[in-house]
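# quick one, fold the following:
(2 chains)
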Protein chains: 2
Amino acid sequence: MKTILVIGAGRSTSYLIKYLLDNAAKEQWMVRVGDMSLELASQKVSNHPCAHAFTFDVNNEDQRIQEITQADIVISMLPATMHMQVAKACLHFKKHLVTASYISNEMRTLHDEAKQAGVILLNECGLDPGIDHASAMKVIDKIHHEQGELTLFKSYCGGLIAPESNDNPWGYKFSWNPKNVVLAGQGTSKYIENGKYKYIPYNRLFIQTEKIQTKINNTILNLEAYANRDSLSYRTTYNIPNIATMLRGTLRFEGYCKAWNVFVKLGLTDDNCMIEPINGLTYKQLIDSYLPLKSNITKENLFAFMGDDMDDETFSKIEWLGILSNKEVNFNKYNQKAVSVAQLLLDLLEEKWLLQNTDKDMVVMQHHFEYVNKEKHAKKIISSLLVKGMDQTYTAMAKTVGLPLAIATKLILQEKIKARGVLLPTIEEIYLPLLAELETFDICFEEQEQLL
Amino acid sequence: MKTILVIGAGRSTSYLIKYLLDNAAKEQWMVRVGDMSLELASQKVSNHPCAHAFTFDVNNEDQRIQEITQADIVISMLPATMHMQVAKACLHFKKHLVTASYISNEMRTLHDEAKQAGVILLNECGLDPGIDHASAMKVIDKIHHEQGELTLFKSYCGGLIAPESNDNPWGYKFSWNPKNVVLAGQGTSKYIENGKYKYIPYNRLFIQTEKIQTKINNTILNLEAYANRDSLSYRTTYNIPNIATMLRGTLRFEGYCKAWNVFVKLGLTDDNCMIEPINGLTYKQLIDSYLPLKSNITKENLFAFMGDDMDDETFSKIEWLGILSNKEVNFNKYNQKAVSVAQLLLDLLEEKWLLQNTDKDMVVMQHHFEYVNKEKHAKKIISSLLVKGMDQTYTAMAKTVGLPLAIATKLILQEKIKARGVLLPTIEEIYLPLLAELETFDICFEEQEQLL
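So this is what the prediction gives:
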């Protein structure tokens, strides 16, 4: 009997926990699911004989140690900043750990110690990061194995709404952490293009986008991508240090970014700008406060303010959110305390971009590889993935984040992974069986190859 | 004999230490000046019999405690983030502390304890913050005393270059911490105008400026102001909680802000965007990396990129910095390690905006008060200060930052301040003698009053 401890039972865990329960009897697993909310944890395990749901507070040191000591492996679905205390306890008690979060520099420092202790701390094993690494490395390793040389690698991913459930002008509903969507891209994004570093500051990230018109699984998609913060560090991770062009981007339906840029330019995405509660304050009044004009916000004023970066279609997206009506800001939710303007924007979006019961979300991933093969022919591979969700709970996002975590957990418990230390799913012994099993769940990449 | 401990002997301490030494014999002071650099500390005290220069490392706890225990008062010229450890030691050993830095929330928490211990922790006692508070409160208290009601308070301050030393197209040279100039304004600036909160995000802070054309001490000045981060919290500090219009702004010569906005839009002021060392990298190439175009930076490209926010005068400022020439970035200064783009911009500016030996800097401050007096007449007061420096060392900046610190120190040692706790120079028993003595150093406000 092996014990799996799952910490956190939120939005992204439906498929993860389902997979663990579906395999529990056969694999002889006991699945312990702990969350701050007992209700959330109980919902997910629904009286399964091999599972136990309980209230869990990671900051309770006694409980943290007790739970980790009795587990064989820990899956942490906590926010990225909270993984370290779990990782340190895992290392201390020699337990494996799996997360879907970006590896932090602090986590990296545990590598040697974990290796020596024979422990696996596997990070970035969800969708993006996760499936992106696995699927990219499979192609990159094959090209290298055949003595080809990569010249371009662009990788795009987006959690979107499926066309059949797309009933709003933004073509967007939340399928993962909404706050991350509101704060996305702050800072400067870096990539390399034809051997030249390129930097895009936040103030123009959502207007310097790239159009991606493509067809995946017979679905025609008119998408656009904005650059991720960090494309450069993956040159080392992917073993392509001298590649001339490397970009990682986030996908949205065409037009989303231009409309989002209105919020960026207004200043509504600042999570440090605190708004004091005002009785009866409307969103319209709040936005007036961000316009340089003394007059109130109107269509004309907003067009004048945005200049070339506004058009009727963009305006219709803004208007659809109800911002120009007299919708009131809800300060009661915050006990009439000051709250950031980004949070107030999020409150509005969470209502309007709510994934409804029967809505299907959609995950799209696409890699572009250009390389010169051994015979000096320039070639291009486009590798694409499209996954649709079932409903509000069994989303494509939960599936593509949860299944890699679950499968990696199984591989580790079956002792099929020999490597030890702080790992990513970029090594063959992880990505090959991972991608193979994902295919049985219809998570399949479609590959096109052509001469350039 | 009283001992004054001065921590830090940098750019802003020339007048401070001179004042302390000039008064040392008469007041029976021993002035101990500690700095990381013994040379810097020794230069400032130049063998004065009542002074001692020494190497001081505030992070050396033993030394910190030893120095503070033998002092009667401490003047901390450290960066704002380092005051707390000094403040806590001062409190523990019941010693007074004076700083020119913005009061931190952490510092505020010491108030009750300091009050009880009979200790003064006086903050914001330099120029801005400092003289601004003192001079504003003198007028505000007078209006309140005469039962008038303030309706508008705008306060502007800038460390500039005197017209006679202004030999560059920016009208700017560094007279205080250059890094603060490069990073100024990041986040969202808040103020209130006619009862309506206004917010300006960084991306348009330097284009949403206000023109200030004025004449002070017979000098005609064409200035502009950008809004400071925080104008709102001073409503409480100044006892004007319900004022309809309140703004604090930073002054520059006309045209500076529009040119600075080019750097903001390019993305060159981000202190978190690290640039990897590249052999022979020129500033031109670095800026190419920030332009969305594939082509190199040229006058035409920069005009196209900036759109309405560019003109010939603005371009001439950018060009004068040598950015369009093949000037190389100096990575040797950073041991060939990655360095932020803001730091690289600063390196260039420090060369070009260096205050020369005989250059005179200039400090300008102007307050606008509008109020309704007891007889219901609307009135306006404009209170203005202009101070010119002597040279590169005895700057107007060092004078207006250092003398308030020095005078406050004297007032405290003479036991003329009765208040205890965490204080600002906003109370009468500080600002009245402070402003009076500043006048003897030709730091005098010129006041104009008119009916509205």
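
# just the terminal-to-terminal distance for stretch A:205-222.
End-to-end distance for stretch A:205-222: 19 Å, by CA to CA, to the nearest Å.

# and if you look at stretch A:6-19?
Its first and final residues considered, stretch A:6-19 spans 12 Å by CA to CA.

# and for stretch A:72-92?
The stretch stretch A:72-92 measures 13 Å between its terminal residues, going by CA to CA.

# and if you look at stretch A:157-176?
Here stretch A:157-176 reaches across 13 Å from its first residue to its last, counting by CA to CA.

# which residues does A:Lys196 bridge with?
According to DSSP bridges, A:Glu193 are recorded as the beta-bridge partners of A:Lys196.

# count of neighbours near it?
13 (other CB atoms under 10 Å in any protein chain shown). Where C-beta positions appear, they are placed from N, C-alpha and C, glycine not excepted.

# and A:Pro425, how many neighbours?
With neighbours defined by other CB under 10 Å, the count for A:Pro425 comes to 26.

# how about the contacts made by it?
Counting by CB atoms under 8 Å, 6 or more residues apart in numbering or on different chains, A:Pro425 makes contact with A:122, A:124-125, A:130, A:133-134, A:137, A:404, A:408, A:431, A:434.

# so which of the residues you listed are in helices?
Taking DSSP state H as the definition of helices, the contacts of A:Pro425 contribute A:133-134, A:137, A:404, A:408, A:431, A:434.

# among these, who's most crowded?
Across these, neighbour numbers were computed from other CB under 10 Å; A:Pro404 holds the maximum, 32 neighbours.

# does it touch A:Leu434 like I think?
Yes: A:Pro404 sits in contact with A:Leu434 when judged by CB atoms under 8 Å, with a separation of 6.0 Å.

# nearest spatial neighbour of A:Asn222, skipping sequence neighbours?
With CB to CB, 6 or more residues apart in numbering or on different chains as the measure, A:Glu254 is the residue that lies nearest to A:Asn222, at 4.5 Å, once sequence neighbours are left out.

# and that neighbour, how many neighbours?
Close neighbours of A:Glu254, defined as other CB under 10 Å, add up to 16.

# with the one 10 residues further on instead?
Other residues near A:Val264 come to 22 when the count uses other CB under 10 Å.

# coming back round to it: my guess is the residue nearest to A:Asn222 contacts A:Leu223. True?
Yes: using CB under 8 Å, A:Glu254 is in contact with A:Leu223, at 6.4 Å.

# between the two, which contacts overlap?
With CB under 8 Å, 6+ apart, A:Glu254 and A:Leu223 have common neighbours A:Lys211.

# okay, the most centrally placed residue in chain A: pLDDT?
With distances taken as CA atoms, centre = their mean, A:Asp128 lies nearest the centre of chain A, 5.1 Å away. pLDDT recorded at A:Asp128 is 95.

# so how far is chain B from it?
Relative to chain B, A:Asp128 is positioned 22 Å away (CB to the nearest CB, to the nearest Å).

# ditto for A:Lys115
As for A:Lys115, its distance to chain B is 27 Å (criterion: CB to the nearest CB).

# number of nearby residues for that residue?
Using other CB under 10 Å as the criterion, the residues surrounding A:Lys115 number 16.

# quick one, strands of the stretch 101-250 of chain A?
With DSSP state E, counting those that start in this stretch applied, the stretch 101-250 of chain A shows strands at A:120-122, A:149-161, A:188-193, A:196-201, A:210-216, A:219-227, A:245-253, listed in chain order.

# typo on my end, the stretch 301-450 of chain A
According to DSSP E, counting those that start in this stretch, the strands that the stretch 301-450 of chain A contains are A:339-340, A:361-372, A:378-388, A:421-423, A:446-451.

# low-confidence ranges in chain A?
When the per-residue scores of chain A are filtered using pLDDT under 70, no range remains.

# around chain B, pick out the residues from it.
Within chain A, the positions lying close to chain B (CB under 8 Å from any CB of the partner chain) are A:187-188, A:190, A:193-194, A:196-204, A:208, A:264-267, A:270, A:272-273, A:275-276, A:288-290, A:292, A:294, A:307-308, A:341.

# which of those count as buried?
Among these, those classed as buried by neighbour count (16 or more other CB atoms under 10 Å in any protein chain shown) are A:188, A:190, A:193, A:197-204, A:264-267, A:270, A:273, A:275, A:288-290, A:341.

# how about the contacts made by the residue in the stretch 101-250 of chain A positioned nearest to chain B?
When you check the stretch 101-250 of chain A against chain B by CB to the nearest CB, the closest residue turns out to be A:Pro201, at 3.0 Å. Residues in contact with A:Pro201 (CB under 8 Å, 6+ apart) are A:187-189, B:265-267, B:270, B:273, B:290.

# check A:Asn326 too.
A:Asn326 sits next to A:282, A:284 when contact means CB under 8 Å, 6+ apart.

# again, only this time at 6 Å
A:Thr282 (CB atoms under 6 Å, 6 or more residues apart in numbering or on different chains).

# which SSE is A:Thr3 in?
In the assignment (DSSP states H and E), A:Thr3 maps to strand A:2-7.

# give me the residues contacting that strand.
The list of residues contacting strand A:2-7 from outside it, by CB under 6 Å, 6+ apart, reads A:29-34, A:67, A:70-76, A:78, A:413.

# the residue lying closest to A:Ser14 once chain neighbours are set aside and A:Thr13: what is the separation?
Nearest residue to A:Ser14 in three dimensions, chain neighbours excluded: A:Ala398, at 4.5 Å (CB to CB, 6+ apart). For A:Ala398, the distance to A:Thr13 equals 7 Å [CB to CB, to the nearest Å].

# can you check A:Pro79 too?
Remark: distance between A:Pro79 and A:Thr13 (CB to CB) = 14 Å.

# comparing those two, which residue is more hemmed in?
Comparing A:Pro79 with A:Thr13 by other CB under 10 Å, the one with more neighbours is A:Thr13, at 25 against 13.

# who touches the more buried one in this structure?
When contacts are counted by CB under 6 Å, 6+ apart, A:Thr13 is found next to A:Met77.

# how far away is it from chain B?
The gap separating A:Thr13 from chain B is 32 Å, by CB to the nearest CB.

# report the next helix or strand after the strand holding A:Thr3 in sequence order.
From strand A:2-7 onward toward the C-terminus, using DSSP H and E, the following helix or strand is helix A:14-27.

# list of residues touching that following helix?
Against helix A:14-27 from outside (CB under 6 Å, 6+ apart): A:31, A:44, A:48, A:50-51, A:393-394, A:398-399, A:402-403, A:405-406.

# what angle separates that helix from strand A:2-7?
Interaxial angle, helix A:14-27 versus strand A:2-7 (axes from the mean of the first three to the mean of the last three CA atoms, to 10 degrees): 170 degrees.

# and the next element down the chain from helix A:14-27?
Along the chain past helix A:14-27, the next helix or strand (assigned with DSSP H and E) turns out to be strand A:29-35.

# tell me the one of the contacts of A:Pro425 nearest B:Gly171?
Minimum distance to B:Gly171 across the contacts of A:Pro425 is 50.2 Å, recorded for A:Glu124 (CB to CB).

# tally of neighbours for the closest one?
Burial of A:Glu124, expressed as a neighbour count using other CB under 10 Å, amounts to 22.
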